[in-house]
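Peer 1: this one's structure only:
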């Protein structure tokens, strides 16, 4: 059973959004095209309260992209993004999402960020994604979406650690920085994740 895990195709991560990934919208037609190859489609959605402590706006005299300690974990301070109920938190209308079986929201606890679709960054709480995939009989997870070296990377890493055969769809993700993508792919390869560079390498 093969699952396509679509990470955070939300307006704030797309051009014009508050935390836009360069050319992030280029992957949407690709994802739309490949979706019918999979047995099940699952999505994640960043869903922050407006007072989330990963937001630079919540810290006096701190700048966006500064790194602080947040409850014992290193935390990049982000622009406000994907605030619950706002347009920026919504999925792109260009994405054909009507076939998605389940959406797992993350980042709802203002005290800890959540890059992975499986856990918060401290692995103190789970989203329920692991149990859902097990219940559905999924054995292979293919991960795409935004942004490559953050939420797609950590979701892929946790999928592999959970025992799923995991594929990182390099052709269906975009990074915040090119350097970050190179490092993410190197780490994932070391962890046993298969990096798929081209769509035509998806042969089932």
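Peer 2: Thanks, I have it. These numbers were taken from a predicted model, which means no experiment stands behind them.
Peer 1: Need the outlier residue of this structure, farthest from its centre.
Peer 2: Taking C-alpha atoms, centre = their mean, the residue of the chain most remote from its mean C-alpha position is residue 61, at 28.8 Å.
Peer 1: Next one: it from residue 93, what distance?
Peer 2: 38 Å (C-beta to C-beta, to the nearest Å). Every C-beta, even on glycine, is put in place using the N, C-alpha and C of the backbone.
Peer 1: repeat for residue 41
Peer 2: Going from residue 41 to residue 93 by C-beta to C-beta gives 17 Å.
Peer 1: What of residue 109?
Peer 2: Counting by C-beta to C-beta - residue 109 and residue 93 are separated by 28 Å.
Peer 1: Same drill for those two, tell me which one is more crowded.
Peer 2: Between residue 109 and residue 93, counted using other C-beta atoms under 10 Å, residue 109 has the larger neighbour count: 17 against 9.
Peer 1: who's in contact with residue 54?
Peer 2: Counting by C-beta atoms under 8 Å, 6 or more residues apart in numbering, residue 54 touches 48, 70, 75, 76, 77, 78, 107, 113.
Peer 1: so the third one bridges to which residues?
Peer 2: Beta-bridge partners of residue 75, counted by DSSP bridges, are residue 68.
Peer 1: what's in contact with the lengthiest strand in the chain?
Peer 2: Scanning the chain for the longest strand, with DSSP state E as the assignment, gives strand 165-174. Contacts with strand 165-174, where a contact means C-beta under 8 Å, 6+ apart, come from 7, 21-24, 26-27, 30-31, 34, 139-148, 152-153, 156, 159-160, 181, 184-185, 188, 192-199, 202.
Peer 1: Just the buried ones from those?
Peer 2: In the contacts of strand 165-174, burial by neighbour count holds for 7, 21, 24, 27, 31, 34, 140-148, 152-153, 156, 159-160, 181, 184-185, 188, 193-196, 202, counting by 16 or more other C-beta atoms under 10 Å.
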